[in-house]
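Visitor: build the 3D model from these lines:
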Amino acid sequence: AAYAFSGAQFTELDLGNAEMIGMSAFEGCESLEEVIIPDGVTAIGNSAFKNCARLSIIVIPDSVETIGNSAFENCTGVSSITLGKSLTSIGNSAFYGCNLVQTINIPGAVKNIGSSAFQGCKALATVTIGDDSIPEELTVIGNYAFKNCPALVTVTIGNNVSSIGNYAFQGCDALVTVSIGSSLEKIGNECFSDNDSLAIINFPASLKHIGSYAFKNCDALVSVVLPQGLEEIWSYAFQDCDGIVELVIPSSVKTIGSTAFFGCDALQKLTVGEGPEPIDFIAINMDAFNRCSNLHTVIISDYVKTIGQYAFRGCKSLTSLTLGKNVETIARGAFLDCSALTTVTLTADIMAVEAYAFEGCKSLTSIVIPDGVTNIGDEAFFGCSGLTSIVIPDGVTNIGVEAFSGCSGLTSIEIPNGVEIIGWDAFKGCSGLTSIVIPNSVTSIEYNAFSGCSGLTSIEIPNSVTSIGSSAFYACSSLTSIVIPNSVT
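Guide: Numbers count the residues shown, from 1 in each chain. Coordinates of the predicted model:
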């Protein structure tokens, strides 16, 4: 019965012909050292032996089908747990804090491992889930199931497991090898995060989803082979995994989450969208590969449409960039501070070069902007000091604030007939610029637009211009002639 002997001080317990152990029946029996559970008991209730700190060995007979929530929680003296073959359910926190247990073999009949079931089992070194001699029934490993098991070295997961819950193996600092069966579809949020010894894990062909922070800070992870069929890599999934050298993302992936591979310092080569033509295009989201400081080669396939904000920001070793023909958007700051990048071929489908897109790419020498582009965003090429030539298509109507500011190697530029506004600081500090043609479509030359263009010798302003901003030609020290039309007011 529930609470039948809760708090009693006996040392040994023989349950005779009992068929069920009730809720909290022996909770807090701090002197209990040994219990014999007979082979007729089918269920062990919630908190049945919770806080029995001196209990040393737990043998669950083959007749037991369910172990309730917190059944053996904080049995800190337990060093050995044997689970019977008929067990189907292990409740939430069932063995939480059993600090001395070193090995767990979970039988194949188990269908459910509850949240925090083995959390905080500090000596646990080996977990085997499923037995080849028994049909494997387990499909879900619950949230926090083995969280903070710092001695856990090896985990083997059976073939029927389809989902591993959030935080399931987080903080297992000694975990080196994870072997996953053939049916896994989902790896939960922070599932293996902060496990800096994890070196080997296989991703089965069934895998569809990798959750946020799933492998964050797994520094020993060197080889990551993502299967064709994977659909989602969520935010921060592999952030700061400093051991990954090469990465191929299959074409089946629909979403690469924001900051998914942020700070993967050892990553050198990246291919996005390898494989057969997918149903949906791939989206590379914000900061996805930000600060991958050793990344030198990026191949983006025809199956990518969007390169998100700051996606490759600070990839200072990037020298080779291949863009697929279907890329439409290079978002704000996508290649900001990629200081080693020398050439970029923008594809015909690109509609906009957004703000900061190539800012700080100081090794970039030339770029052709495709005909479909109508807007060059603020600071799009700011500080590209190695840029010597650029072709701006006729469709461009706006050159944004500081769009080419600091492009000191630029010697000439032709602004197409269609541009209406030359924005603030648009060509500020372009000291190598000797000539420029301003078309009749321009109505406004804004503040500091050509400030510091010390090589500029002459300029003709068309009658279409009605406004010239303050300091528009400030410090143009070589300028000997300028014609200002009557239209300027």
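
Visitor: residue ranges with poor pLDDT in this structure?
Guide: 1-8, 130-136 (pLDDT under 70).

Visitor: residues contacting E19?
Guide: G40, V41, T42 (C-beta atoms under 8 Å, 6 or more residues apart in numbering). Quick note: C-beta positions are derived from backbone N, CA and C, even for glycine.

Visitor: repeat that with 6 Å
Guide: Counting by C-beta atoms under 6 Å, 6 or more residues apart in numbering, E19 makes contact with G40, V41.

Visitor: state the distance from C384 to I390.
Guide: 9 Å (C-beta to C-beta, to the nearest Å).

Visitor: now I461
Guide: Relative to I390, I461 is positioned 21 Å away (C-beta to C-beta).

Visitor: quick one on the thing from earlier: what about C384 and I390, which has more around it?
Guide: C384 (27 against 20; other C-beta atoms under 10 Å).

Visitor: and that one, what does it touch?
Guide: C361, L364, C407.

Visitor: gap between it and A475?
Guide: From C384 to A475 the distance is 20 Å (C-beta to C-beta).

Visitor: repeat for A53
Guide: Counting by C-beta to C-beta, the gap from A53 to A475 is 79 Å.

Visitor: strands along the stretch 151-300 of the chain, start to end?
Guide: 154-157, 163-164, 177-180, 186-187, 200-201, 209-210, 232-233, 246-250, 255-256, 269-274, 282-284, 297-300 (DSSP state E, counting those that start in this stretch).

Visitor: which one of those strands lies nearest to S79?
Guide: strand 154-157 (18.8 Å; C-beta to C-beta).

Visitor: would you list the strands that the closest one pairs with, along with their directions?
Guide: strand 126-129 (parallel), strand 177-180 (parallel) (DSSP bridges).

Visitor: what lies in contact with the last one?
Guide: When you say that, I think you mean strand 177-180. T154, V155, T156, I157, I200, I201, N202, P204.

Visitor: and which of those is nearest to T489?
Guide: Closest to T489, out of all of the contacts of strand 177-180 and judged by C-beta to C-beta, is I201, at 68.7 Å.

Visitor: the closest one pairs with what?
Guide: With DSSP bridges as the rule, I201 is bridged to V178.

Visitor: how many neighbours does it have?
Guide: 21.

Visitor: equivalent analysis for the one 3 residues further on, please.
Guide: Residues lying near P204 (other C-beta under 10 Å) number 16.

Visitor: residues contacting F404?
Guide: Going by C-beta under 6 Å, 6+ apart, F404 touches F381, F427.

Visitor: repeat that for 7 Å
Guide: F381, L410, A426, F427, C430 (C-beta atoms under 7 Å, 6 or more residues apart in numbering).

Visitor: now tabulate those in CSV and tack on secondary structure and distance to G171.
Guide: As requested, these are exported to CSV (DSSP: H, G, I helix; E, B strand; the rest coil; distance: C-beta to C-beta, whole Å):
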residue, secondary structure, distance to G171
F381, coil, 45
L410, coil, 53
A426, coil, 52
F427, coil, 54
C430, coil, 53
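
Visitor: pick out the most distant pair among the residues you listed.
Guide: Once C-beta to C-beta is applied, these give L410 and A426 as the farthest pair, at 11.7 Å.

Visitor: for the most centrally placed residue in the chain, give its distance to F203.
Guide: Computing the C-alpha centroid of the chain and ranking residues by C-alpha atoms, centre = their mean puts A260 first, at 1.6 Å. As for A260, its distance to F203 is 15 Å (criterion: C-beta to C-beta).

Visitor: the more surrounded of L410 and A426?
Guide: A426 (29 against 25).

Visitor: which residues touch that one?
Guide: I399, V401, E402, A403, F404, S405, A449.

Visitor: just those: which are in strands?
Guide: I399 (DSSP state E).

Visitor: count of neighbours near E414?
Guide: With other C-beta under 10 Å as criterion, E414 counts 13.

Visitor: ok, what's across the strand from it?
Guide: V437.

Visitor: pretty sure it sits against P439.
Guide: No. E414 lies out of contact with P439 (C-beta atoms under 7 Å); the separation is 8.6 Å.

Visitor: that older thread, so for L318, which of the strands paired with strand 154-157 sits nearest?
Guide: Here strand 177-180 is closest among the strands paired with strand 154-157 (C-beta to C-beta), at 31.6 Å.

Visitor: so for the closest one, what gets flagged as buried?
Guide: For strand 177-180, burial by neighbour count (16 or more other C-beta atoms under 10 Å) applies to V178, I180.

Visitor: and if you look at stretch 90-108?
Guide: So stretch 90-108, judged by 16+ other C-beta under 10 Å, has buried residues 90-101, 104, 106-108.

Visitor: now do the end-to-end distance for it.
Guide: 12 Å (C-alpha to C-alpha, to the nearest Å).

Visitor: the stretch 151-300 of the chain: helices as residue ranges?
Guide: For the stretch 151-300 of the chain, helices defined by DSSP state H, counting those that start in this stretch do not occur.

Visitor: how about the helices in the stretch 1-150 of the chain?
Guide: So, for the stretch 1-150 of the chain - with DSSP H, counting those that start in this stretch - there are no helices.

Visitor: list the contacts of the residue nearest to S317 when sequence neighbours are not counted.
Guide: Nearest non-adjacent residue to S317, counting by C-beta to C-beta, 6 or more residues apart in numbering: H296, 4.7 Å away. Neighbour list for H296: Q268, S317, L318, T319, S320 [criterion: C-beta under 7 Å, 6+ apart].

Visitor: I'd like the distance between the closest residue to the last one other than its chain neighbours and L323.
Guide: The spatially closest residue to S320, leaving aside those adjacent along the chain, is T297, at 4.5 Å (C-beta to C-beta, 6+ apart). Computed with C-beta to C-beta, the distance linking T297 and L323 is 13 Å.

Visitor: of the two, who's got more company?
Guide: Legend: neighbour count by other C-beta under 10 Å for T297 and L323, higher for L323 (20 against 15).

Visitor: the more buried one contacts I300, correct?
Guide: Yes. With contact defined as C-beta under 7 Å, L323 counts as touching I300 (5.3 Å).

Visitor: contacts only, for the residue lying closest to G188 once chain neighbours are set aside.
Guide: Residue nearest to G188 in three dimensions, not counting chain neighbours: N166, with 4.0 Å by C-beta to C-beta, 6+ apart. N166 makes contact with N143, G188, N189, E190, C191, G211, according to C-beta under 7 Å, 6+ apart.

Visitor: noted, bye for now.
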